[in-house]
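**Q** Mind looking at a prediction? Sequence and model below.
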Amino acid sequence: MSFLNQTYQNLTPYTPGEQVDEAAYIKLNTNESPYPPAPNVQKAVAEAAQKLNRYSDIAVEAVAKPLAKYLGVKQEQLFLGNGSDEVLSYIFQGFTEKGIAFPDVTYGFYQVYSGLYQVESTVVPLKEDFSLDLAEYDAFKGTVIFANPNAPTGIYLPQEEICAFLERHPDRLVVVDEAYIDFGGKSMVSLINQYKNLFVIGTFSKSRQLAGARLGFGIGNTDLIADLNRLRFSLNPYNVNSLTQAAGGAVLQEQVYVDQKVQETIKVREWSKQELTKLGFEQTDSQGNFLFAKHPKLSGESLFLALREKKILVRWFNQPRTKDYLRITVGTKEQMEQLIAVLTTILNEVKA
Ligand code: PMP
């Protein structure tokens, strides 16, 4: 017997990548940063812990002020959430009366939130090469959401194409999920004053080493942000806890460290791409902090399992268009060297 409302009985929840003992595995499965937060970020969290008897600041000033400055937007154009997942959740809950459209190969939560909020979703297949053609969304009338760079493909859609779409559809909300933008491509944030129908989502989970703190943000026109806050204050005004606020504020003072790690990740990504190509892998030109690769000789599942056996965790999506591929988070250079060494062994065993 279940006490769950009938509406939710058939809900298909999201399947997160496994969190494992890092001493036992090389963890390349959830697109986190392989680097710890800067020492000052850790210190700021320890200090904030002394005031945990108090509720967190509902204005999230410690983050909002420096983040607005960094992004070149007004604080009233900024919304902060418990991870960008929460920001996405509000979009699906409250801004989808005419339905929502997104690509078939993309972040799995779009489908999950559609189910949770009973939103009519239109799934538009990406082209054969996994590229996105926004012209295919022209006939549809509702909200559009896509990740740029996309996940798990890493493919980046040039800004001009997004601008052209925003101009063709001034009355439709267009949500660009820029979780991975710091690793490649140009952010749409600078165009926020130009397009009232644009909403950009970002996160501190990937380029800023704070996946565990859960801090995401959205940038949009002030009316849209006020509407988001109406929902937020109807659910959980304290959505960004004090420790996370301290971490977020501190990481924004550590831009040199953050930039350095982003540059390192990009360098290691490009090196890894070359090495995978040498091993016979076919790949997309990922602009994220991950690779999307398949091998003609081994199925995605067998590669995933063989790597797991050798204590390297990557992500495999058992879905029709992506089941041949692995999504491999870009780790440190040492981790990626080990990955390449292990893949070389696995592939040699196939040949033998
Ligand atoms: N968008 C995309 C495209 C993602 O891949 C992810 C994380 N896997 C998120 C949003 C959510 O990130 P977070 O909630 O950690 O900010």
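**A** Looks like it arrived, so ask away.
**Q** end-to-end on stretch 295-305?
**A** Terminal residues of stretch 295-305 are spaced 14 Å apart (CA to CA, to the nearest Å).
**Q** in it, what's buried?
**A** Applying a neighbour-count criterion of 16 or more other CB atoms under 10 Å, one finds 295, 298, 300, 303-304 buried in stretch 295-305. In this view, the C-beta of every residue, glycine as well, is placed from N, C-alpha and C.
**Q** can I assume Phe292 sits in a strand?
**A** Yes. According to DSSP: H, G, I helix; E, B strand; the rest coil, the state of Phe292 is that of a strand.
**Q** Write out the residues of the stretch 151-300 of the chain neighbouring the ligand.
**A** Counting by CB under 6 Å from any ligand atom, the stretch 151-300 of the chain comes close to the ligand at 151, 177, 179, 203, 205, 211, 216.
**Q** Show the subsequent helix or strand relative to the top helix by length along the chain.
**A** As assigned by DSSP state H, the longest helix anywhere in the chain is helix 255-278. Using DSSP states H and E, the helix or strand that follows helix 255-278 in sequence is strand 282-283.
**Q** Name the strands paired with that following strand and say parallel or antiparallel.
**A** strand 290-294 (antiparallel) (DSSP bridges).
**Q** which residues does Arg293 contact?
**A** Quick fix: residue 293 is Ala, not Arg. 276, 281-283, 325-326, 328 (CB atoms under 8 Å, 6 or more residues apart in numbering).
**Q** in the sheet, who's paired with it?
**A** Bridge pairing for Ala293 (DSSP bridges) gives the partners Gln283, Leu326.
**Q** Quick check: it vs the ligand, distance?
**A** Separation of Ala293 from the ligand (CB to the nearest ligand atom, to the nearest Å): 17 Å.
**Q** And for Arg208?
**A** The spacing between Arg208 and the ligand, counted by CB to the nearest ligand atom, is 10 Å.
**Q** Tell me the secondary structure of that residue, please.
**A** Here Arg208 is recorded as coil under three-state DSSP.
**Q** what's around it, how many residues?
**A** By the criterion of other CB atoms under 10 Å, Arg208 has 26 neighbours.
**Q** isn't it right next to Gly249, touching?
**A** No. The criterion here is CB atoms under 8 Å, and Arg208 misses it with Gly249 at 11.6 Å.
**Q** quick revisit: from the buried residues of stretch 295-305, which single one is nearest Asp85?
**A** Closest approach to Asp85 among those (CB to CB): Phe304, at 24.2 Å.
**Q** ok, which stretches of this structure are helices?
**A** 39-48, 61-71, 83-94, 109-116, 159-168, 222-232, 242-251, 255-278, 300-309, 333-351.
**Q** Serialize the ones you listed to CSV and add fields for distance to Val20 and mean pLDDT.
**A** Output for these, formatted as CSV (distance: least, CB to CB, whole Å; pLDDT from 0 to 100):
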stretch, distance to Val20, mean pLDDT
helix 39-48, 22, 98
helix 61-71, 30, 98
helix 83-94, 20, 98
helix 109-116, 21, 97
helix 159-168, 37, 98
helix 222-232, 33, 98
helix 242-251, 23, 98
helix 255-278, 21, 98
helix 300-309, 10, 97
helix 333-351, 14, 95
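**Q** Break the chain down into its structural domains.
**A** What the TED database lists as the domains of the chain is 18-34+255-351, 39-253.
**Q** Relative to Thr7, which of the ones you listed is closest?
**A** Thr7 sits nearest to domain 39-253 of all these, at 7.1 Å, using CB to CB.
**Q** Could you tell me how many residues sit around the closest residue to the ligand within the stretch 1-150 of the chain?
**A** Nearest residue of the stretch 1-150 of the chain to the ligand, counting by CB to the nearest ligand atom: Gly83, 2.9 Å away. Using other CB under 10 Å, Gly83 has 23 neighbouring residues.
**Q** Just give the closest residue to it, not the sequence neighbours.
**A** The shortest distance from Gly83 to any non-neighbouring residue, by CB to CB, 6 or more residues apart in numbering, is to Arg214 (4.1 Å).
**Q** can I assume the one you found is in contact with Thr244?
**A** Yes. Applying CB under 8 Å, one finds Arg214 in contact with Thr244, separated by 6.1 Å.
**Q** Common neighbours of the two, please.
**A** Shared contacts of Arg214 and Thr244, defined by CB under 8 Å, 6+ apart, are found at Asn82.
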